[in-house]
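Visitor: Predicted model follows, preceded by the sequence.
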Amino acid sequence: MKNILVTGANGQLGNEVRLLAQLHPQFIFFFTDVDTLDICDKESVKAYMVSNKIDYVLNCAAYTAVDAAEDNSALCDRINRDAVANLGEAAARVGAKVIHVSTDYVFDGTSCKPYRENDQTCPVSAYGRSKLAGEEALLAVCKDSVVIRTAWLYSPFGNNFVKTMLRLGKEKEKLTVVFDQVGTPTYAADLAAAMLSVIENAEKGSFRAGVYHFSNEGVCSWYDFTVKIHQLAGITDCKVLPVGSDSYPTKARRPHYSVLDKSKIKDVYQLEIPHWETSLRNCLERLAASN
């Protein structure tokens, strides 16, 4: 039986891993969040991983308040860079492998073709800089690490774009949503499954460390995404209008183009990735069932 540490277990991604864990009785999962393991405390992380004989780490913890990070960069760096280094150092000490989640925000979004893993990084926000620093810190201290960059994450858990658009669609007669930021939504359940696939492959001797990209298939703007959310949810009384990003000035700059090339992770880990509309439908069905 291999032991898996899951950090950030109460977040969107961590909760999806928690559900999938029921399908993997061959592993023992240790679900933690800040109340049970402070990953910013280096000694606590080492002690926890040694005492529980951790074989794999799924790091689902992160500081994700993109605009707030501009004024709280020190805290953002502690969680997204220093804590990641703590996990990597402890993993290297006990011989564990790390699967860590990063972001499309490591790029500036000025490309016009899907970003590959070896494309030049150039974060334009404090959040993006902290996540890139976390990638670099992890790979420097733990050679057995997989970094998975993702984008536009949503799920039935917590607060996210899908749940916000559902709520606003029921409350308002009209919504304006930006059409000039393009990317691909990522269903957290699909990302969680991909992370566990990496572990399953590792158990078969097919682990390849490095940086990978994962999102659902396809491309859309936030406007297109909202229209589809309302269409699939049967919301017909709210008109959705496209506007430019300049209509919504934010403290942190957002990448205008966040499409990720997923060829590498599909080839190396033999993944079949659903289209974003298929996964959105699955998420909405779960939300409807829970209500």
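Guide: That came through fine.
Visitor: so who does I28 touch?
Guide: By Cβ atoms under 8 Å, 6 or more residues apart in numbering, the contact list for I28 reads M1, K2, N3, I4. Every residue, glycine included, has its C-beta placed from N, CA and C.
Visitor: Now with 6 Å, please.
Guide: M1, N3 (Cβ atoms under 6 Å, 6 or more residues apart in numbering).
Visitor: Tell me, what's the model's pLDDT at the closest residue to G183 other than its chain neighbours?
Guide: Nearest residue to G183, sequence neighbours excluded (Cβ to Cβ, 6 or more residues apart in numbering): S258, at 3.3 Å. S258 is assigned a pLDDT of 96 by the prediction.
Visitor: burial of S258, as a residue count?
Guide: Neighbourhood size, S258 [other Cβ atoms under 10 Å]: 24.
Visitor: ditto for the one 3 residues further on
Guide: Neighbour count of D261, defined by other Cβ under 10 Å: 15.
Visitor: cool, the one 4 residues further on as well?
Guide: Look at I265: counted by other Cβ under 10 Å, it has 25 neighbours.
Visitor: Now for it: which residues touch it?
Guide: Contacts of I265 (Cβ under 6 Å, 6+ apart): Y212, F214, L271.
Visitor: ok, now how distant is it from Q181?
Guide: Plainly put, I265 is 23 Å away from Q181 if you go by Cβ to Cβ, to the nearest Å.
Visitor: Likewise for P123?
Guide: Applying Cβ to Cβ, the value for P123 to Q181 is 16 Å.
Visitor: Next one: the residue nearest to G183 from K251, what distance?
Guide: In terms of Cβ to Cβ, S258 sits 18 Å off from K251.
Visitor: And A90, by the same measure?
Guide: 34 Å.
Visitor: And the strands in the stretch 101-250 of the chain, which stretches?
Guide: Per DSSP state E, counting those that start in this stretch, the stretch 101-250 of the chain carries strands over the ranges 145-150, 153-154, 174-178, 182-183, 186-187, 210-213, 220-221, 239-243.
Visitor: Please compute how far the fourth one lies from its chain's middle.
Guide: Read that as strand 182-183. Strand 182-183 sits 15 Å away from the centroid of its parent chain (Cα atoms, centre = their mean, to the nearest Å).
Visitor: for it, what is the average pLDDT?
Guide: Average pLDDT, strand 182-183: 98.
Visitor: And the contacts of it?
Guide: A151, W152, S221, Y257, S258, V259.
Visitor: which among those gets closest to A47?
Guide: A151 (34.4 Å; Cβ to Cβ).
Visitor: I'd like to know how far that closest one sits from Y105.
Guide: Taken as Cβ to Cβ, the span from A151 to Y105 is 8 Å.
Visitor: coming back round to it: among the strands of the stretch 101-250 of the chain, show me which one is buried the most.
Guide: Of the strands of the stretch 101-250 of the chain, the one with the most neighbours on average (mean count of other Cβ atoms under 10 Å) is strand 186-187, at a mean of 26.
Visitor: Now render the contacts of I265 as JSON lines, adding distance to A62.
Guide: Conversion of those to JSON lines gives the following (distance: Cβ to Cβ, whole Å):
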{"residue": "Y212", "distance to A62": "17"}
{"residue": "F214", "distance to A62": "15"}
{"residue": "L271", "distance to A62": "22"}
